[in-house]
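J.: Please find the sequence and the predicted model below.
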Amino acid sequence: MSRVVYVNGQYLPYWQAQVHVEDRGFQFGDAVYEVIEVRGRQLVDATSHLNRLSRSLGELSMARPMSDRALLHVIGETVRHNLVRDGQVYLQVTRGAAPRDFFFPPAETIEPTLVVIARPISKTAQDAKAQQGLTVTTTPDIRWGRCDIKTVMLLPACLAKTAARKAGAREAWFVDPDGFITEGGSSNAWIIMQDNTLVTRHIDNKILAGITRATTQRAIEKLGLQLDERSFTRAEALAAKEAFATAASMQVMPITAIDGEKIGTGQPGVMTLQLRGVFYSAAEFTDI
Ligand code: PDD
């Protein structure tokens, strides 16, 4: 549970933290966000997350609310207020509040909204989940053409993940019109082929360049494993030896079934768990 939330310069009790009714994040989804893991009161891969935030802001011609240094300070304070040792920070920047109009208001007339939420997540519970693994369902990728920008326009992901849950699964994998898996509703998608080659989709505007994905790539290099960055089909995924998802909210998370069909033995894969085990040795830790 989050107790104190940062909103536009104030640390407020959770239920009193509010933004304006004409905030463009609320009316147009005109907002970007980041989720950063907190582990042992340190941030995991903060530099990369803040760099991606800058990129998302830049792609949408949105103003920065403050410098990265100041952002790290606010994140640190929010983490301390909420007594988070292990958990996550959610950071959202919107273009700001203005009378409803589709056109972007001139930059000098609007102040960005910044919200930072920190909440604890039990490391033991997450590790227990990883020992079990998740199941996924596949669904057509109905999202827009700029999935490389981390915007809050997440309705397709909400629909897909809710349908997955109804089917008894935890994550949804999007499939493009050519039958290729793009990524998960809130994670990147990976498979391990029968010859032990790891495969994850190449980066372009159809997927988010996951920070956890990049750290996992470094872990793969460290272990001397083979990686192929290319599109893969649902059929390849069903025939894979192992599958997993990566995201700041789950690190490396084994996938044991896709659309009700077991992947490999139907248990978390050996290589996947090995990667999960070495993940943090490839990550950057930042004191806050
Ligand atoms: N989601 N792809 C999508 C569509 C995502 O929403 C996410 C993260 C990722 C993985 O990115 P990263 O490794 O940088 O977390 C890939 C966050 C965790 C969320 O929305 O909760």
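T.: Received it, and whenever you're ready, just let me know what you need. Residues are numbered from 1 along each chain as shown.
J.: what does the protein have sitting close to the ligand?
T.: Contacts of the chain with the ligand, taken as Cβ under 6 Å from any ligand atom, map to 35, 183, 186-188, 208, 210-213, 246-249. (Each C-beta comes from the backbone N, C-alpha and C, glycine too.)
J.: Which residue is the nearest non-sequential neighbour of the residue nearest to the spatial centre of the chain?
T.: In the chain, the C-alpha nearest the mean C-alpha coordinate belongs to A247, at 4.7 Å (Cα atoms, centre = their mean). Ranked by Cβ to Cβ, 6 or more residues apart in numbering and with sequence neighbours excluded, the top spatial neighbour of A247 is S187, at 3.8 Å.
J.: ok, so what distance separates the one you found from Q126?
T.: 14 Å (Cβ to Cβ, to the nearest Å).
J.: Equivalent analysis for V74, please.
T.: 25 Å.
J.: do Q251 as well
T.: Distance from Q251 to Q126, by Cβ to Cβ: 8 Å.
J.: who's more crowded, those two?
T.: Neighbours were counted for Q251 and for Q126 using other Cβ atoms under 10 Å; Q251 has more, 23 against 17.
J.: Now do the same contact list for the more buried one.
T.: Going by Cβ atoms under 8 Å, 6 or more residues apart in numbering, Q251 touches 37, 126, 130, 212, 276, 279.
J.: quick check, nearest of the residues you listed to the ligand?
T.: Closest approach to the ligand among those (Cβ to the nearest ligand atom): T212, at 3.1 Å.
J.: Now do the closest one: how many residues are near it, please.
T.: 26.
J.: secondary structure element for it?
T.: If you go by DSSP states H and E, T212 is part of helix 211-222.
J.: mind exporting that helix as CSV, just the C-alpha atoms?
T.: Presented in CSV, the C-alpha positions along helix 211-222 are these (Å, rounded to 0.1, in the frame of the first residue of the first chain):
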residue,chain,number,x,y,z
ILE,A,211,15.1,-1.7,-19.8
THR,A,212,14.8,-5.1,-18.2
ARG,A,213,15.2,-6.6,-21.7
ALA,A,214,18.5,-4.7,-22.1
THR,A,215,19.8,-5.8,-18.7
THR,A,216,18.8,-9.4,-19.5
GLN,A,217,20.8,-9.1,-22.8
ARG,A,218,23.8,-8.1,-20.7
ALA,A,219,23.2,-11.1,-18.5
ILE,A,220,23.0,-13.4,-21.5
GLU,A,221,26.3,-12.1,-22.8
LYS,A,222,27.9,-12.7,-19.3
